[in-house]
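Engineer: dropping a prediction and its sequence here:
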Amino acid sequence: MSTTPTMHIKGYMLQLLAGQGAMWDYEVAEQVMSAYGLSGDYWYGTVRLTLTDLYSGGLIWEIDATIDPEKSLGVEKILFRYELNEFGRARMTQSGLMEAHA
Amino acid sequence: MTDTATARVGLLRVEHRNRQVRWGFIWALTCAVLWGAWYVPGFAIYVEEPFLSLTDTLGTDDNYLLAAFVITVLNAIAVLIALFVWNAVLGKTGDYVRTMKQAKISRWYIPAGIAGMLAIFGSIIAIAYVGPQFSAVAALLYPIVGAGAAKVWYSERITPRAAIGIIVIVVGGVVIFTPGLVAEFTGAGTGGLLGYVGGAMAIVGWGLEGAIAGRALDVSDPDVGITLRFTAEVAIWIVIAIPIAWALAGGDALWSTVGAALTNPAVLLLLALLGLTFGYCYVAWYKSFPLIGVGRGQAIAALYGPFALVWLSIFTLTAPSLEFIVGGLIAVVGSFVLFTEQRDVLEVIRSVPSSRSQADVKPTSRV
């Protein structure tokens, strides 16, 4: 097993979105859970909830939504695709989560 | 996707975003209920030893402040213990340590903690030198400062409707405490000025704490964030405030009071209740901010005023007054003004430049 990231989970999620562009919420959840060695509905839900916080706070945009029961543990659940925006990037730079960019 | 599938996605999307906003309000209301409940052990602890003898009719203002100081510090420690348990249960202890190490993020919880502790201590000074009704009213005004600071600092969307809702809730709270307030103003006497300074500390302190927390929560988790904020407060009490109080209180009086408090089982039970109610009220407060914003979260949480009187009247079996009923109804109306605001305003609480909806997803529209 690889070592757990030293970054806290919300910071790690922002860095994923900054590095990989637009991502589906289940993709973020899978990567977070595998990086931190976590599993189960609880952590899946926790990551989705954190994405909701980032969305209502205006740091990320919702750019797509769909339904795919295979990606949401067999139940019909709305899935969102998010993208980091300029405000999110600015917050990351101010918080030491990202190098200042041109 | 077929048209029916698209419609289904649209429907589920609206349901999800409605739930997001509803939970923001539920957390803020949970905070209000628990904050109000905190006043029951908060008053009861003053009639337990050693605090009873410090605050009875023979006591001076100095003794009263010593009791208030010890209770405030022990309350903060009890809250921190409750929050450590909370994070352990949620499996977030590791994230607490990781977040603390991110100095550019965790440092925000230091001013948040200072602002919060000044607010708590200010409200206690206001109780001592003017009266509890004044102190309660003063604290209720804090959402005005919080909403204003969040709007100016990071463009939180305080629409005219939200501003009206916030003011209506505050007015409702003030109405509840009006009769006692008038009596206190007329009887405040020469010590009054210090009490008014304390009241101002409560308004500004809690308002700014919320605004600073709103900034820090952009990049950190609420459960972890509130624990960092109380870690900062407890550290400041221990490193700075306790040595000063020790010197001012003339040495042993402080420690004998703490010792007597911690050996009284009734005080320990009350401290546990204080820690649980205040700790989880603060958890709920911080959880509401990212979802509905600092201004709305604080305004709904200001319903703690009416809830405190409900809890106290249950435990003391006294009937609420007419002012309580009128003021309480006004505050409820204000809450509905906030809650029934258009969902598209509430979905994203900041006026982020070029924020875009699901409809326009062209990468070229990026700023």
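Structural biologist: Received the coordinates, thanks.
Engineer: mind listing the strands for chain A?
Structural biologist: With strands called from DSSP state E, chain A shows them at A:23-24, A:60-67, A:78-84.
Engineer: now the first one, how far from the chain's geometric center?
Structural biologist: Read that as strand A:23-24. Its chain's C-alpha centre and that of strand A:23-24 lie 8 Å apart, by CA atoms, centre = their mean, to the nearest Å.
Engineer: name every strand pairing with that strand and say which way it goes.
Structural biologist: In the sheet containing strand A:23-24, the strands it pairs with under DSSP bridges are strand A:78-84 (antiparallel).
Engineer: in the partner strand, what counts as buried?
Structural biologist: Buried residues in strand A:78-84, counting neighbours by 16 or more other CB atoms under 10 Å in any protein chain shown, are found at A:Ile78, A:Leu79, A:Phe80, A:Arg81, A:Tyr82, A:Glu83, A:Leu84. To be clear about C-beta, it is placed using only N, CA and C from the backbone, and glycine gets the same treatment.
Engineer: ok, the residues you listed vs chain B, which is closest?
Structural biologist: Using CB to the nearest CB, the shortest approach to chain B within these belongs to A:Ile78, at 4.0 Å.
Engineer: not counting residues beside it along the chain, what's closest to the closest one?
Structural biologist: B:Leu12 (4.0 Å; CB to CB, 6 or more residues apart in numbering or on different chains).
Engineer: what helix or strand is the one you found located in?
Structural biologist: Under the criterion DSSP states H and E, the helix or strand holding B:Leu12 is helix B:3-44.
Engineer: how far off centre is that helix?
Structural biologist: With CA atoms, centre = their mean as the basis, helix B:3-44 stands 17 Å off its chain's centre.
Engineer: what's next to the lowest-mean-pLDDT helix or strand in chain B, contact-wise?
Structural biologist: Counting by mean pLDDT, DSSP states H and E, the weakest-scoring helix or strand in chain B turns out to be helix B:132-140, with a mean of 75. The set of residues external to helix B:132-140 that reach it, using CB atoms under 8 Å, 6 or more residues apart in numbering or on different chains, is B:119, B:123-124, B:126-127, B:170, B:173-174, B:177, B:179-181, B:183-185, B:195, B:198-200, B:202-203, B:206, B:302, B:305, B:308.
Engineer: next SSE downstream of it?
Structural biologist: helix B:142-154.
Engineer: picking that back up, pull out the buried members of the contacts of helix B:132-140.
Structural biologist: Buried by 16+ other CB under 10 Å: B:119, B:123-124, B:126-127, B:170, B:173-174, B:177, B:180-181, B:184, B:195, B:198-199, B:202-203, B:206, B:302, B:305, B:308, out of those.
Engineer: would you mind listing what in chain A touches chain B?
Structural biologist: By CB under 8 Å from any CB of the partner chain, the residues of chain A that approach chain B are A:4-11, A:14, A:38, A:42-43, A:50, A:52-59, A:61-67, A:76-78, A:85-87, A:91-92, A:94-97.
Engineer: buried subset of those residues?
Structural biologist: A:7-11, A:14, A:38, A:43, A:50, A:52-59, A:61-63, A:65-67, A:77-78, A:85, A:87, A:91-92, A:95, A:97.
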